[in-house]
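sequence first, then the predicted structure:
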Protein chains: 2
Amino acid sequence: MELGHKPQILITNDDGISAHGIAALIAAAKPFGNLLVVAPDKPQSGMGHAITIHDPIRLSKSTLYSDIEAYACSGTPVDCIKLGMFELLKRKPDLILSGINHGENSSTNVLYSGTMSAAIEGAMEGVPSIGFSLADYASDADFSAAQYYVSRVLKAFFEKGFEPSICLNVNIPKGTKSQIKGIKICKQAHAYWADRFEKRQDQFGRSYYWLTGEFADLDQRKDTDLHALKEGYVSIVPTQYDLTAYDQIDKLISWENEK
Amino acid sequence: MELGHKPQILITNDDGISAHGIAALIAAAKPFGNLLVVAPDKPQSGMGHAITIHDPIRLSKSTLYSDIEAYACSGTPVDCIKLGMFELLKRKPDLILSGINHGENSSTNVLYSGTMSAAIEGAMEGVPSIGFSLADYASDADFSAAQYYVSRVLKAFFEKGFEPSICLNVNIPKGTKSQIKGIKICKQAHAYWADRFEKRQDQFGRSYYWLTGEFADLDQRKDTDLHALKEGYVSIVPTQYDLTAYDQIDKLISWENEK
């Protein structure tokens, strides 16, 4: 493992090592440090914070990115971070980057997102970590404005830093660099998926379901990530892994005496 | 779907529909309402908040639990909640229960846990949800003390209720009812897995890895779930899905102007 004077950056994503989004992230991050890429060998969207404990994990060297040490991993995005850190680097990197995701991970989507779970895993290990997502699901999505904002965010990080117990959830709206209005620091919007299941029959007459649904924004606040994206801004939400609802503790104390 | 006067309770787990823990939960919850069980058809530990979006999901009626409507699902614990709510019940249940997990889900394990992700999914839908875990991985673990505490928690819930935007992470220590000292309302402990990968060779000489490691408690506080469990108490952590690190927003505001 080459350890120069430049920061060591570990990169993953959840769309797989050959996705356009990770290529865009690699290109944007390259000037900032030594890159190690460990990314899933197949799409892993919606994997959340899953880890592989019932199956062995495979790791194979990839030649997709010239000059960049890269590995394809059979596991989840969180597995990729753990393998990159504990097996390949054998130390904590200076920075973890995840993405650029094909599709936005704003609001409660942060919980389903493999991209953001990789960044949250980094925070759990005390490593500054940033997840990037572009609000465009098209396979030929244009990542050039997103790359510009990756650079801006990395510059801000190396100048100012942030508390490594959190990670950043960066969502970039669809559009050109001149269409996007700037960066807003935001709160996670309160929204949810009104899910539906599309029921079909297979060739044997047995039922199966596809998960589908509509996203419902329930939040009236003007300082959320969903609101910023709608207004044409890049949203950054400082994201933590302490899920304790501190304000609810006192309300539950009487349960201690319930018989 | 039978809709009587009793509360409608939706039950899942992550160890699979035939695990001892879900049988114990079903038995303990039965006096409290009409049960609908939708649980994975195979173990899904460590699946976190994963959802199945690239594969169809199968659902098959199970006769494992007499008098109880039960389904085995090919998907994740979160899929089970979504299918139970949106496809089978066609309405929100009054309560979601998940578990009883074989093994504890205290501290940061809440993020990896399929059991707790099912409960968090319930909270995201505004349904009061409780995840139960027993700190015993043994296949012949004794769930009788855990069942007693499931009853106590359900009694407290039906008497007092709680804010449905949170869910409860209930961990029960190993031991008999007389050994366990009671219930403590707690905070999620700050701890992490110092992961290692065990590298092996398959029959073709190719490498593969098993994820392993040691759990490191970094928290000195006396009011955490890990501390309560060590002292012999059942821990209850009110758990939220808003991951915003509110106290970090002001520190990042200057990033909005970074060029």
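All right, it came through fine. Being a predicted model, the structure only gives us computed values, none of them experimental.

could you report the neighbour count for A:Lys155?
For A:Lys155, the neighbour count with other CB atoms under 10 Å in any protein chain shown is 15. Using the backbone N, CA and C atoms, a C-beta is placed for each residue, glycine as well.

mind checking what secondary structure it has?
helix (DSSP: H, G, I helix; E, B strand; the rest coil).

and A:Ile96, what helix or strand is that in?
Using DSSP states H and E, the element containing A:Ile96 is strand A:95-102.

what do you get for A:Asp195?
Assigned by DSSP H and E, A:Asp195 belongs to strand A:191-201.

ok, back up a step: for the strand holding A:Ile96, which strands pair with it and how are they oriented?
In the sheet, strand A:95-102 lines up against strand A:8-12 (parallel), strand A:129-134 (parallel) (DSSP bridges).

put together a markdown table for the ones you listed, with mean pLDDT on each row.
Formatted as a markdown table, the strands paired with strand A:95-102 follow (pLDDT from 0 to 100):
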| stretch | mean pLDDT |
| --- | --- |
| strand A:8-12 | 98 |
| strand A:129-134 | 98 |
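
looking at these, spot the one closest to B:Tyr233.
Set against B:Tyr233 and scored by CB to CB, the strands paired with strand A:95-102 come closest in strand A:129-134, at 33.4 Å.

tell me, how many residues neighbour A:Gly33?
A:Gly33: 21 neighbours (other CB under 10 Å).

how about the contacts made by it?
Residues near A:Gly33 by CB atoms under 8 Å, 6 or more residues apart in numbering or on different chains: A:Lys6, A:Pro7, A:Gln8, A:Ile9, A:Asp94, A:Leu95.

around the last one, how many other residues sit close by?
If I follow you right, that is A:Leu95. A:Leu95 - counted by other CB under 10 Å - has 22 other residues nearby.

repeat that for the second one.
For A:Pro7, the neighbour count with other CB under 10 Å is 17.

distance check, it against A:Phe204.
55 Å (CB to CB, to the nearest Å).

likewise for the first one?
Relative to A:Phe204, A:Lys6 is positioned 57 Å away (criterion: CB to CB).

looking at these two, which one has more neighbours?
Using other CB under 10 Å, the more surrounded residue of A:Lys6 and A:Phe204 is A:Lys6, with 13 against 5.

next one: the following helix or strand past the strand holding A:Ile96 to chain centre, how far?
On the C-terminal side of strand A:95-102, the closest following helix or strand by DSSP H and E is helix A:109-112. Distance of helix A:109-112 from its chain centroid, counting by CA atoms, centre = their mean, to the nearest Å, is 9 Å.

contacting residues around helix A:109-112?
Outside helix A:109-112, the residues within contact range by CB under 8 Å, 6+ apart are A:46, A:48, A:116, A:169, A:188, A:237, A:239, B:49-51, B:78, B:117, B:120, B:124, B:241, B:243.

ok, 6 Å please
Helix A:109-112 is contacted by residues A:Gly46, A:Gly48, A:Met116, A:Asn169, B:His49, B:Ile51, B:Leu243 when judged by CB atoms under 6 Å, 6 or more residues apart in numbering or on different chains.

take those and keep only those in strands.
Of the contacts of helix A:109-112, the ones assigned to strands by DSSP state E are A:Asn169.

report the two of the contacts of helix A:109-112 separated the most.
A:Asn169 and B:Ile51 (18.2 Å).

tell me which of these two has more neighbours.
Counted by other CB under 10 Å, A:Asn169 and B:Ile51 do not tie: A:Asn169 has more neighbours, with 31 against 26.

tell me the confidence at that one?
We have a pLDDT of 98 for A:Asn169.

list the contacts for A:Ile100?
By CB under 6 Å, 6+ apart, the neighbours of A:Ile100 are A:Gly21, A:Ala24, A:Leu25, A:Phe132, A:Leu134, A:Phe143, A:Ala146.

please give the element, helix or strand, for the last one.
When elements are assigned from DSSP H and E, A:Ala146 belongs to helix A:144-160.

in PDB, list the C-alpha atoms belonging to that helix.
Provided in PDB are the C-alpha atoms of helix A:144-160 (Å, rounded to 0.1, in the frame of the first residue of the first chain):
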ATOM      1  CA  SER A 144     -20.100  17.200 -14.300                       C
ATOM      2  CA  ALA A 145     -21.900  19.600 -11.900                       C
ATOM      3  CA  ALA A 146     -21.800  17.000  -9.200                       C
ATOM      4  CA  GLN A 147     -18.000  16.700  -9.700                       C
ATOM      5  CA  TYR A 148     -17.600  20.400  -9.300                       C
ATOM      6  CA  TYR A 149     -19.500  20.200  -5.900                       C
ATOM      7  CA  VAL A 150     -17.400  17.200  -4.800                       C
ATOM      8  CA  SER A 151     -14.300  19.400  -5.400                       C
ATOM      9  CA  ARG A 152     -15.900  22.300  -3.400                       C
ATOM     10  CA  VAL A 153     -16.800  20.100  -0.500                       C
ATOM     11  CA  LEU A 154     -13.400  18.400  -0.400                       C
ATOM     12  CA  LYS A 155     -11.700  21.800  -0.400                       C
ATOM     13  CA  ALA A 156     -13.900  22.900   2.500                       C
ATOM     14  CA  PHE A 157     -13.200  19.600   4.300                       C
ATOM     15  CA  PHE A 158      -9.400  19.900   4.000                       C
ATOM     16  CA  GLU A 159      -9.500  23.600   5.000                       C
ATOM     17  CA  LYS A 160     -12.000  23.400   7.900                       C
END
